[in-house]
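Student: Fold the following.
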Amino acid sequence: MPLTDAQIRQLQPKEKPYKVFDGGGLYIEVFPDGAKRWRYKYRIAGKEKRLALGVYPETSLKKVRIMHQDARSALAKGIDPVEVKRTLAAAVTGEHSFQSVALEWVALKTPGWSESHRNKTLEILKRDLIPFLGALHIGEIKPAELLAVLKRVDQRSTSTARKAYSICKQAFIHAIPSGQILISPAEGLHAHLSPRRIKHMAAPTSRGETARLLRTIDEYHGTFVVQCALRLPRIIHFLSQTAILIY
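Tutor: Okay, here's the model as predicted:
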């Protein structure tokens with residue numbers, strides 16, 4: 001049965017702490033010193049966890065039920081309520097947060113990037129990383145929680161997950177010289193992501209296709225370096241044939 005305020009007020013301390021449940025994993029724990037603390041017991045990824053929701057009567061029954069419902073909603077989306085609380089607490093200061101460090105790194109690198117690369121980097125940060133890591137202190141992010149965020153992206157797109165990993169890795173490296181962190185939690189995590197998918201390009205299979213490819217290369221008017229690279233196989237072939245004739 002759900003608790004009432006009258007029942008909670010009548011709870012008396014005992015020699016050892018004890019719990020009285022309200023429902024859905026929410027309970028109040030009564031301690032020997034008379035303190036009454038709200039807790040939410042739940043399971044995520046096969047592990048049992050507890051979320052502290054305040055002390056009665058400062059946190060009322062009505063208020064704690066709202067907090068409990070918010071926590072259950074987060075859990076239903078696969079988000080750990082403990083991490084949500086931690087993120088909100090870190091957001092109060094925002095100092096040395098992942099978001100501030102990552103955006104500082106982007107600002108530093110932007111002069112050497114193309115506009116499209118900058119926009120893609122910011123898109124991944126804002127969509128896939130900052131909502132889960134943004135407010136956390138850069139020095140408190142653990143490899144396991146970073147991997148969990150990357151795995152979430154990996155389920156949608158392997159290539160995006162690897163780009164997100166690269167962004168994280170560079171952001172953490174950026175934080176090392178300033179002393180905000182000593183070791184990057186991103187090291188080696190790429191090995192836990194899905195293998196990179198290799199896209200094989202179609203090769204010409206007839207004389208006509210080969211002729212069109214060679215004409216396209218001859219008509220290319222890009223940079224000198226690229227022109228040389230495109231013609232390199234033909235040059236090597238010519239030199240090898242010349243060497244055979246000379247020999």
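Student: show me what contacts the most centrally placed residue in the chain?
Tutor: Nearest to the mean C-alpha position of the chain, by C-alpha atoms, centre = their mean, lies V149 at 3.3 Å. Shown in contact with V149 (C-beta atoms under 8 Å, 6 or more residues apart in numbering): D128, L129, F132, L133, A164. C-betas here are computed from N, CA, C, even on glycine.
Student: ok, the third one - how many residues close by?
Tutor: In other words, F132. Number of residues near F132 (other C-beta atoms under 10 Å) recorded here: 20.
Student: which element is it on?
Tutor: Element membership for F132 (DSSP states H and E) is helix 130-133.
Student: CA-only coordinates of that helix, as CSV, when you get a sec.
Tutor: Output of helix 130-133 as CSV, limited to C-alpha atoms (Å, rounded to 0.1, in the frame of the first residue of the first chain):
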residue,chain,number,x,y,z
ILE,A,130,27.0,16.8,-24.6
PRO,A,131,23.6,15.5,-23.6
PHE,A,132,25.2,12.7,-21.6
LEU,A,133,28.7,14.0,-20.7
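Student: List the buried residues in it.
Tutor: Residues of helix 130-133 classed as buried: I130, F132, L133 (neighbour count, 16 or more other C-beta atoms under 10 Å).
Student: Next, find the distance separating the last one from A171.
Tutor: Spelled out, it's L133. Counting by C-beta to C-beta, to the nearest Å, the separation of L133 from A171 is 9 Å.
Student: helix or strand for I66, which one?
Tutor: Per DSSP H and E, I66 falls inside helix 61-76.
Student: Need the residues touching each of L133 and A171.
Tutor: F98.
Student: which helices and strands does the helix or strand harbouring D218 pack with?
Tutor: According to DSSP H and E, D218 maps onto helix 207-219. With contacts taken as 3 or more C-beta pairs under 8 Å, 6 or more residues apart in numbering; DSSP states H and E, helix 207-219 sits against helix 224-246.
Student: picking up where we left off before, put together TSV for the contacts of V149, with distance to I181 and pLDDT on each row.
Tutor: Converted to TSV, the contacts of V149 look like this (distance: C-beta to C-beta, whole Å; pLDDT from 0 to 100):
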residue	distance to I181	pLDDT
D128	21	93
L129	16	94
F132	18	90
L133	13	91
A164	18	96
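Student: Around S159, count how many other residues there are.
Tutor: Neighbouring residues of S159 were enumerated by other C-beta under 10 Å; the total is 12.
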